[in-house]
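Chemist: Just the structure for this:
(2 chains)
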Amino acid sequence: MGASLAFGRGESWMPKPPAPPSVATLTNEARYVEWKFRGDVTDPSTGLAAHALRTNALALASGLEPKEDWRVVKAKVYAMLCDQMAIDVSPLDWYPAISIWNRYDRPMSAVVWRRNGEIARKCYPDITGRINKGNRDGIWRVWKDFDHSVPVWEDMFKLGFAGMRDRVDAHDDGTPFYRSLRITADASIRLIERFAAQARKRLGTADGKSSRLVKQIAALDQLAKGPPQTAYEVLLFIDLYFFMCEHLDAMQCRSLSIIDRNLWPYYQADLAAGRTTEAEFREQFRHFLWQWGSVDNYWGQPVTMGGTKADGTTEYNPLSRIILDVMDECALPTPKFHVKIGKSTPREILDKLLSMARRNRSLTFIGEESARRILEHYGATKEEARTFYTTGCYEIVLANGANKTGVGYINLLKQVEFVLRDAKGGKFSAADYAAFQAECIRRMVNVCTNCLAITSAFEQHLDDVNPANITTLGVAYAVKTGRDAFANGSERGNNTAILIAAMGTTVDALVAVKDLVYEKKEMSLADLGKLMAANWEGRDDLRLRMKRSKRKWGNNDPDANATAAAVSKALAAAVNGKPNARGGIYVLSGHSARAFIYEGAATGATPDGRKAGEEFSKNMSATMGADTEGVTALIQTLGALDSRDWPGDFPLDVMLHPATVEGDRGLALMRTLLDVYYANGGLQIQFVVVSADELRDAQKHPEKYENLQIRVCGWNVRWNDIPKAEQDAYILRAESIMQ
Amino acid sequence: MNRREFIGSSAAFAVAPLFAAGGGKVRTPLMLDTKRMAIWDGPGVRTTFFVKGCPLKCIWCHNPESISAQRQTARFQHLCRRCEKCTMDEATCPTRALKFYGKPMKIDEIVAKALEDKPFYDSSGGGVTLSGGEPLLFWEWLAELFTAFKKAGLHTCLDTSLYAPPVAIEAMLPLVDMWLPDYKADDDARHRKYTGVPNKIIRKNLERLVAAKAKLEVRLLVVPRCTDDDDLAARHAYLDSLDIPRAAQVELEYRDLARSKYLALGMPDTMPPST
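Modeler: Below you'll find the predicted structure:
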């Protein structure tokens, strides 16, 4: 299990980033902010660097573990990090710096990693082997997830750190649970006070001339004693809380709030009181985004925007436009913006967003009406469904039930491979296609059921491994009930997502068997199994014919759609609503992130014309190049499924040629695609606007394309940051799109 | 005026080549292609169907495969590996070097295909467009098809050279919601030189459309050194004289990007350079 911990896995496949420049050269704000989380920019006189903290953290945890509750041990390690970490507050920036800058080398991760091994050996010794075997065989990729917590931001903005500490005190019954929270809250406040003191020291050095430092000191002083009062203080609070969670406590904070809605009242009050100007806010917000731009998390940092008020009017406001302007100017792959789109969304905002999507800004469009249907189907009230949050790649969650996990990618296509392998060996035969399909689906369901059982075994122990102290501080229900917010303390349950990979290619493979074996009767199932085992050897003609068949997922083909609906219903019945080990339910999720590459590599040849090891379909989209009927057919295809069967997420990637989306007509086209997708029940849609020629040129001349971004799965990455194999996959995709 | 009556009329003389292969029965075209999510072939999101067969021979034609009304095989030389044994099968050619142009499609198949994207038309004010080739070459069939489109509640556009008998125009007037005619050259000699046919009947048909208050968007292809000089100004002046607003006179940039198709079809490449 250890090697698959989400927070420790690192992104080893990515090319190595360039070495950071010397701190002494970071003399202007752009350079400073760009590099502050790519190297240590802190003042060494204030404390220790990350490597020394790591040693201290491991030693402290070892010393305490035999005599203290693990939750308290972690809180004390956290407190040590808050007290001993080197820090800085620069006049070049609006937000503090910390020596634990590297999200792949966090002292707390080392502590938790070690603990994880101990818990696995003690509590579920037989599970690790089963997980690893499935991982090796390409059946699934399962891991323990600490990645998808979303704070109850609105509560926290009202309370601040001091208020959250007081809330703990109000419930404290002397148990380790509350002691750990109190230690965590106190340490967080001490850290804020350290930042304020460092800012004063820097201000002295600057002869009191930095207005940024003056405002930071005032804001830090306020946050050390109470809740944020201004828009900048809210931004600073989010920033501090995020880094306390992720970099110090090794718990991801997978949201930066519904940013425009939450900031708007503060910003209005600031302007009315003359406390800020639009220009100053723009600068503060630019720096805010750049914190995550500098961290450069491959998976992107989600920010939610917009929505609809209870009276049916839009949550988008004048600040939304400013925020989008700044986001557009920064052109960063991360933070990634999840924008809620509904009937109330102003046309001007929608056009601005679509126009930004044409420039490949990191945006995912989330349909409010579809989200409402899905969330209400699983018991949410109208109000809960209206105020949903987004997290992770682009999942929708309830504001008071947002601490979910995503534990594994199930490779559906592998089961088709296995059935054909059995047919080859005479262990399986089917008189008709219905029997063949039923067997494949039965095995897919079995894998899901096994995955649920395994997940329930290890998810009982999430807080034994990594108690979410700082996350828990922010959740009233968890504090009140004495439960860990991430493990099982969300008011509306802590759900677990099972992610499905290869949906599209699996459908293609099943329909191909129907075509070849049961309709045209060109070969027996056993012979097809042999041909697949031989990786189409000697039958390239047939392979090409199957590859180019129009009976594929994505072409709105009736057979493919019916097959997909059968698979979808069976998986939904096996997964959705089943209780997990954390007081929530399992939910089916349709995104496959990078699994379409690495699980594809572990999957043999399939009857749809795919050769062994080739990538398969991504998310709910079609197999690369299979959607020859174009985007309208692709969108209609998704309508064949009930998105309520995919409460985790239901994402569609649409790749468009730049010429297709030019000008007003292009914008109108994109609006239409959204309209129809949402009318069909679609939930998330993301656009990639790029031509194959451009990508080929970018591969050849990376230096010319430093700013080119490509959409992966709810997030953008820089083209130059992905390996050649993935670049090739995107070029192939772009080649298949129609102008 | 039906087909029989038309053939005996003076107008038939002007468009005699249209009927050379027609015989006495309604001609049904082979279909060349179907383009979904078309946004430049009329308002909104549309599906454009291309028919095979055109009475014009424009030297700049970027769809040379649409000129002949017969089925054609193309072999794209730059893709062809010259396999020892050619599959002669578009579906299994390993490099997609082989391409067959022209397949029959029944009217109900075309309508069914068009209806697949109806939600997109409804959302965008789009519909269906016929292009080619020259759809009016098959005007009786076209009238049947457009009647079926209208019955299905679809907005219709017709992309045409207007080189057609007036009876075809009359037949289509009630069925076409928007006409997308080309006006390739104002000077008749030049029109003959570059397209192989005179423009007299085209102008007459255009004038008829204007008189009938048909909704129009006239396309003016601008081919360097052929139709980009005073002829362009003359085309605009003529259209102005018909009170066709400038917004409905759309200049199209020419690109010589179809040379590989001429080669693949074994046709002489007549495309003038685009620069």
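Chemist: give the contact list for residue A:509.
Modeler: The contact partners of residue A:509, taken as C-beta atoms under 8 Å, 6 or more residues apart in numbering or on different chains, are A:413, A:416, A:606, A:607, A:608, A:610. Every C-beta, even on glycine, is put in place using the N, C-alpha and C of the backbone.
Chemist: Now for residue 40, how many residues are close by?
Modeler: Just going to use chain A. When counting by other C-beta atoms under 10 Å in any protein chain shown, one arrives at 21 neighbours for residue A:40.
Chemist: wait, I meant chain B there
Modeler: Residue B:40 sits with 16 neighbouring residues when counted by other C-beta under 10 Å.
Chemist: contacting residues around it?
Modeler: Residue B:40 sits in contact with residue A:665, where contact means C-beta under 8 Å, 6+ apart.
Chemist: helix/strand/coil for it?
Modeler: coil (DSSP: H, G, I helix; E, B strand; the rest coil).
Chemist: And residue B:181, by the same measure?
Modeler: strand.
Chemist: who's in contact with it?
Modeler: By C-beta under 8 Å, 6+ apart, residue B:181 lies in contact with B:160, B:161, B:162, B:202, B:205, B:206, B:209, B:216, B:218, B:219.
Chemist: Recalculate using a threshold of 7 Å.
Modeler: Residues in contact with residue B:181 (C-beta atoms under 7 Å, 6 or more residues apart in numbering or on different chains) are B:160, B:162, B:206, B:216, B:218.
Chemist: could I get those residues as TSV with secondary structure?
Modeler: Shown next, in TSV, are those (three-state DSSP):
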residue	secondary structure
B:160	strand
B:162	coil
B:206	helix
B:216	strand
B:218	strand
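Chemist: Neighbour-wise, which one of the residues you listed leads?
Modeler: Counting neighbours by other C-beta under 10 Å, residue B:160 comes out on top of the contacts of residue B:181 with 27 neighbours.
Chemist: Show me what from chain A comes close to chain B.
Modeler: A:540-541, A:544-545, A:548, A:556, A:629-633, A:636, A:665, A:668-669, A:672, A:675-676, A:679 (C-beta under 7 Å from any C-beta of the partner chain).
Chemist: among the residues you listed, which are in helices?
Modeler: Among the residues of chain A next to chain B, the members found in helices (DSSP state H) are A:540-541, A:544-545, A:631-633, A:636, A:665, A:668-669, A:672, A:675-676, A:679.
Chemist: out of the residues you listed, which one sits closest to residue A:690?
Modeler: residue A:631 (14.1 Å; C-beta to C-beta).
Chemist: pretty sure the closest one is touching residue B:39, no?
Modeler: No: using C-beta atoms under 7 Å, residue A:631 is not in contact with residue B:39, being 11.2 Å away.
Chemist: For residue 226, which residues are in contact?
Modeler: I'll assume chain A. Contacts of residue A:226 (C-beta under 7 Å, 6+ apart): A:160, A:162, A:163.
Chemist: actually it's chain B I care about, not the one you picked
Modeler: B:194, B:272.
Chemist: What ranges does chain B have for its strands?
Modeler: In chain order, chain B shows strands spanning B:30-38, B:46-52, B:72-75, B:98-101, B:127-131, B:156-160, B:178-181, B:218-222, B:249-253, with DSSP state E as the criterion.
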